[in-house]
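Asks: Below are the sequence and a predicted model; questions follow.
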Amino acid sequence: MLLEVKDLYVAIDGKTILKGLNLQIKKGEVHAIMGPNGSGKSTLAKVLAGHPSYEVKKGEILFEGNDLLELEPDERAREGVFMAFQYPVEVPGVSNAQFLRLAYNEKMKHSGGEELDPLEFDDLLREKAKIVEMDPQFFKRSVNEGFSGGEKKRNEILQMAVLDPKLAVLDETDSGLDIDALRIVSEGVNKLKSEENGVVLVTHYQRLLNYIVPDFVHVLADGKIVKEGGKELALELEEKGYDWVKAAGN
Amino acid sequence: MTVKAKLATGYIKEFARSIEASAQQDWLKDLRRKAFEYFTETGFPTSRDEDWKYTDVKEVAGGQWSVANHANAISESAGNAVNKIVFVDGIYSEDASSLGELPEGVVVSKFAESGDNEVFQENLSKIVEPEFSGFSALNTAFIDQGLFIHVPKNTKIDEPIHVVMVSTGEFTAFPRLLYVGEEGSEAEVLEVFTREFEGPYLTNAVSEVKLEKNAKLIHTRVQRESHAAFHIGVTKAVLSRDSVYDGTNLNLGGKLARHDANLEFTEENGEAWVDGLYLIEDGQHTDTHSRIDHKVKNCLSHQNYKGILDGKSRAVFNGKVYVHENASGTDAEQSNKNLLLSNDARVDTKPQLEIFNDDVKCAHGATVGQLEGEELFYLLTRGLNQDLARNLLTYGFAEEIINKITVPSIKKDLDEAVLNRLHAKL
């Protein structure tokens, strides 16, 4: 099992958001977490990444059988957990290439792989950038600074491509994307998913799932999974709206 | 004996000797005498002066340093810059200086050879007046060595001019620069204050810049004095119609450093950047005062000053933007962000806008803080450990200013200085 979430309760600012969430993900699987606003979708993504503002009240998260909650965010990343941010952060003054090389080398150091110097890394980055059709001009620019919404999301997937995670959690990666950017980002993810990794798509809308087809769909309402099914569940949701499952959950 | 008079005694002897030995034109000697007279009347500023409230110059005023009489040999400065003029302890060094081929009519000359030049006569000491402070009066009184750059109409200098001031011992130096860019001229000037000596000394510098119609100047000032040294400097630029001034001031050195970065728009449609970075550590005090005067319509000013403080250090930023009554259409923005890497560091920041016209667009702000929050989390989620993530963010904070520098060798030096300061390798 790649990821096991067991009876998870999570609070932020004293307010409990996740209330007994269970989830199991195996390698090679794509899971979609859907749900209305405020249902706890993004909370789940942030807890997996280790955001310090979220407090786990109860339950556990196992990553490849080990306690994920014991690890700091950077340790989780080096172990192979990746979250693509809904709102990628701008880092002025730090170039994309410099940032990505540091991240890549930290991971290599951890896994005993070969660290790359700037020239070697540039070659690797050029290869990876093709996955999200990104112009090498972006390498020199400060991380996300002045990027459009679509460029920021593509940059997240580029980071995923470079870091090659075992588990990728994509938090509302489709939000704010026009149709072309959505296609590019989705194709990027499709190229990166494999039998060796798992992908979690956190999304409000079904349209992303036209491009990245999930093996499982989980519907979250009020901090719990209230319905689960295959890809057809997303279509049903699109048609009937969330009230239908909310009612089912009650 | 009053404190003022006592403080001045050392300088009285030095001044008498200096003016005696001088072969300067009478007008210049007169200017110097008047300035010295003003200095002896006013003395050095004290913390009772509003503009010097947080910076006590007692130690500077009480120091006894002599004026050097020859240029010591130095190891290496300004690398292989095509145009470099080097002053050692305030004295022009023939050996270390060299100029590439300059366009016709361009004047780059030591003050000793400039006395009869009309443009020099018209402008010297008119932009920064001796009365600006006791220090500028003293600098004017000791005008001897110095550099005059005059770029004639529609002339562009391709290679930057590096003006390098190197300190090698316990002296007081009075560097002075006068730059006059005529209509349509373009140039880049770098002033670098550096040292081959780690002890105490005093640099008292004045730079005057005049840009005529549609002239452009990139002006970078790098202050890397010894951490036992004192550095007091004034830069002022005066801009005519359609002219552009891009100034960047990097303050890394000095036990006590003060820089006044001033600018005045005297005709419409000028645009200016007066940016800077101060990066200091334990035992350093740095003070930036800036005054930008929008005296006329439709000018744009941008000011982005950043500070990084470590150990027990202290910074002062006081930035005034005056929008005068006639200055409608002014667009002015000012920002001063500070990053404190230690609990013992302290910043006093005071961005000030004084607006006397309604038809303007102005914004200003200041922050003082530590690294935290979403930026840090973002880097951690990419596998960077805490130290590395913090160092990278701090480096990025500084790079926003350092990236403005177009001369690769200078940029590289500064990158390294930032990383050394962070004890980091990126």
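Replies: Perfect, thanks for sending it. Residues are numbered from 1 along each chain as shown, chains lettered A, B, ... in the order given.
Asks: Is residue A:199 in a helix, a strand, or coil?
Replies: Following DSSP: H, G, I helix; E, B strand; the rest coil, residue A:199 is assigned to strand.
Asks: Okay, now the unreliable bits of the chain?
Replies: All of this is about chain A. Applying pLDDT under 70 to chain A picks out residues A:247-250.
Asks: think we crossed wires, I meant chain B
Replies: B:1-8, B:77-78.
Asks: Can you report how many residues neighbour the residue nearest to residue B:74 when sequence neighbours are not counted?
Replies: Spatial nearest neighbour of residue B:74, chain neighbours left out: residue B:166 (5.1 Å); criterion: CB to CB, 6 or more residues apart in numbering or on different chains. For glycine as for every other residue, the C-beta is placed from the backbone atoms N, C-alpha and C. Other residues within reach of residue B:166, judged by other CB atoms under 10 Å in any protein chain shown, total 25.
Asks: again, but for residue A:92
Replies: 16.
Asks: what's it in contact with, if anything?
Replies: A:142, A:145, B:396, B:397, B:399, B:400 (CB atoms under 8 Å, 6 or more residues apart in numbering or on different chains).
Asks: quick one: is the helix or strand hosting residue A:183 near chain B?
Replies: Element membership for residue A:183, per DSSP states H and E: helix A:179-192. No. Residues of helix A:179-192 contacting chain B under CB under 8 Å from any CB of the partner chain: none, with a closest distance of 15.8 Å.
Asks: Just the buried positions in that helix, please.
Replies: A:181, A:182, A:184, A:185, A:186, A:187, A:188, A:189, A:192 (16 or more other CB atoms under 10 Å in any protein chain shown).
Asks: For chain A, see how far away residue B:340 is.
Replies: 18 Å (CB to the nearest CB, to the nearest Å).
Asks: Identify the residue nearest residue A:242 in space, chain neighbours excluded?
Replies: Leaving out its chain neighbours, the residue that sits closest to residue A:242 by CB to CB, 6+ apart is residue A:36, at 4.1 Å.
Asks: so that neighbour sits right up against residue A:246, yeah?
Replies: Yes. Taking contacts as CB atoms under 8 Å, residue A:36 lies within contact range of residue A:246: 7.0 Å.
Asks: list residues touching both of those two?
Replies: Residues touching both residue A:36 and residue A:246 by CB under 8 Å, 6+ apart: residue A:221.
Asks: Now do the same contact list for residue A:20.
Replies: Shown in contact with residue A:20 (CB under 8 Å, 6+ apart): A:7, A:8, A:9, A:59, A:223, A:224.
Asks: mind listing what the third one touches?
Replies: Counting by CB under 8 Å, 6+ apart, residue A:9 touches A:16, A:18, A:19, A:20, A:56, A:57, A:58, A:59.
Asks: what's the closest of these to chain B?
Replies: The nearest member of the contacts of residue A:9 to chain B, counting by CB to the nearest CB, is residue A:56 at 16.3 Å.
Asks: So that closest one is in contact with residue A:5, correct?
Replies: No. Between residue A:56 and residue A:5 there is no contact under CB under 8 Å: 10.6 Å.
Asks: more neighbours, the two?
Replies: For residue A:56 versus residue A:5, the count of surrounding residues by other CB under 10 Å is larger for residue A:5: 21 against 14.
Asks: OK, contacts around the more buried one?
Replies: With contact taken as CB under 8 Å, 6+ apart, residue A:5 is in contact with A:21, A:22, A:23, A:24, A:44, A:59, A:60, A:61.
Asks: Can you tell me what sits against the helix holding residue A:183?
Replies: Here helix A:179-192 has contacts from A:131-133, A:149-150, A:153-154, A:157-158, A:160-161, A:164, A:168, A:170, A:173-174, A:177, A:199, A:207-208, A:211-212, using CB under 8 Å, 6+ apart.
Asks: Quick check on the residues you listed: which are buried?
Replies: Buried among the contacts of helix A:179-192 by 16+ other CB under 10 Å: A:131-132, A:150, A:153-154, A:157-158, A:160-161, A:164, A:168, A:170, A:173-174, A:177, A:199, A:208, A:212.
Asks: near chain B, which residues of chain A?
Replies: Residues of chain A lying near chain B (CB under 8 Å from any CB): A:49-52, A:72-74, A:76-78, A:82-83, A:85, A:88-89, A:91-94, A:98-99, A:102-103, A:106-107, A:110, A:142, A:159, A:163.
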